[in-house]
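S.K.: The sequence and its predicted three-dimensional model are supplied below.
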Amino acid sequence: MARGESSRQPANFEYRVFAPRLDGVARRLAREAVAEQGRDSAVDLYLVGRRTDRSVKVRGGCIEVKALRERRGELERWEPVVRRRLPLGGAWVRDVLAEHLGIVLRARRRDRYPLLALLTEIAAPEPQVRDVCVEKHRRRFSRDGARAELTRVAIDGRPFATAAVESGVGVGALDGGRPFATAAVESADADAAWAFVRRLGLDRWPNESFVRRLRPSISRRPPARTPPDSTSTPQGWKEDR
């Protein structure tokens, strides 16, 4: 466990897929009469490190980190290890956040890091890290102790496509504009998670976390942009309820 970790939320086995269309998954969810648990939207700012599998993102004015703890068959067990409100202390950024990102910061550059400073002074100059903005619109479901989600996404502001809206599975743009949707299953119970994966037919695609999906973007850094400078929830960003 890295320095400064404090796990207060349970770890879950997860299975996530990305595909151009997931209409069949939506139909299987309807056919299986899985209870829909709600819908939500969020804008997450991922800090993607080339040398680490840690999931590091900013959401709702907080930085959140999940660690990959084990692989069991095709499933991955992810544990939330950090949820810390911005601005971040300089010593914590140097000693803890840098380790989560797989980089080394030689000196503390300031005492406190609001979001703007974190992006412009840590992420932007570091060739092994890239910030990626991911807009998500999700539908959540549950069955037999496992949870599933269907999500349409946009990466770094690329526009939404309109395919599959009748099934409730929109698609966004990933990897140079190709349309993608994503679906995921998670559960604290590995058997329940895998049974749900098989029932939905997700095992036809490989298990791929957001971190691995976004990592190739490190070599395709976008033009410089001005991120919001905020110590609370940026406008348009919301936490899951």
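M.R.: Here it is on my side, so go on.
S.K.: ranges for the helices of this protein?
M.R.: Under the criterion DSSP state H, the chain carries helices at the ranges 23-31, 90-92, 98-101, 115-117, 190-200, 210-214.
S.K.: Residue most distant from the centroid, the protein?
M.R.: Most distant from the centre of the chain: Ala107, at 28.8 Å, with distances by Cα atoms, centre = their mean.
S.K.: Burial check on Lys57, number of neighbours?
M.R.: As a burial measure, the neighbour count of Lys57 was computed by other Cβ atoms under 10 Å and equals 20. (C-beta placed from N, C-alpha, C; glycine too.)
S.K.: Same question for Leu45.
M.R.: Using other Cβ under 10 Å, Leu45 is surrounded by 21 other residues.
S.K.: Centroid-nearest residue for the protein?
M.R.: Residue closest to the chain centre, computed by Cα atoms, centre = their mean, is Phe210 at 5.1 Å.
S.K.: ok, it to Arg147 distance?
M.R.: With distances defined as Cβ to Cβ, to the nearest Å, the gap from Phe210 to Arg147 amounts to 16 Å.
S.K.: For the protein, which helix or strand comes out least confident on mean pLDDT?
M.R.: Across the helices and strands of the chain, mean pLDDT, DSSP states H and E gives its lowest value to strand 172-174, namely a mean of 41.
S.K.: what about Arg140, how many neighbours?
M.R.: One way to gauge burial is a neighbour count; for Arg140, by other Cβ under 10 Å, it gives 17.
S.K.: For it, name its beta-bridge partners.
M.R.: Counting by DSSP bridges, Arg140 is bridged to Gly38, Glu149.
S.K.: can I get the helices of the chain in TSV with mean pLDDT?
M.R.: As requested, the helices of the chain are exported to TSV (pLDDT from 0 to 100):
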stretch	mean pLDDT
helix 23-31	84
helix 90-92	93
helix 98-101	95
helix 115-117	94
helix 190-200	92
helix 210-214	89
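S.K.: To Lys57, which of those helices lies closest?
M.R.: For the helices of the chain, proximity to Lys57 was assessed by Cβ to Cβ; helix 210-214 is nearest, at 8.4 Å.
S.K.: got the contact list for Val132?
M.R.: Neighbouring residues of Val132 by Cβ atoms under 8 Å, 6 or more residues apart in numbering: Leu45, Tyr46, Val48, Ile155, Asp156, Leu214, Ser217.
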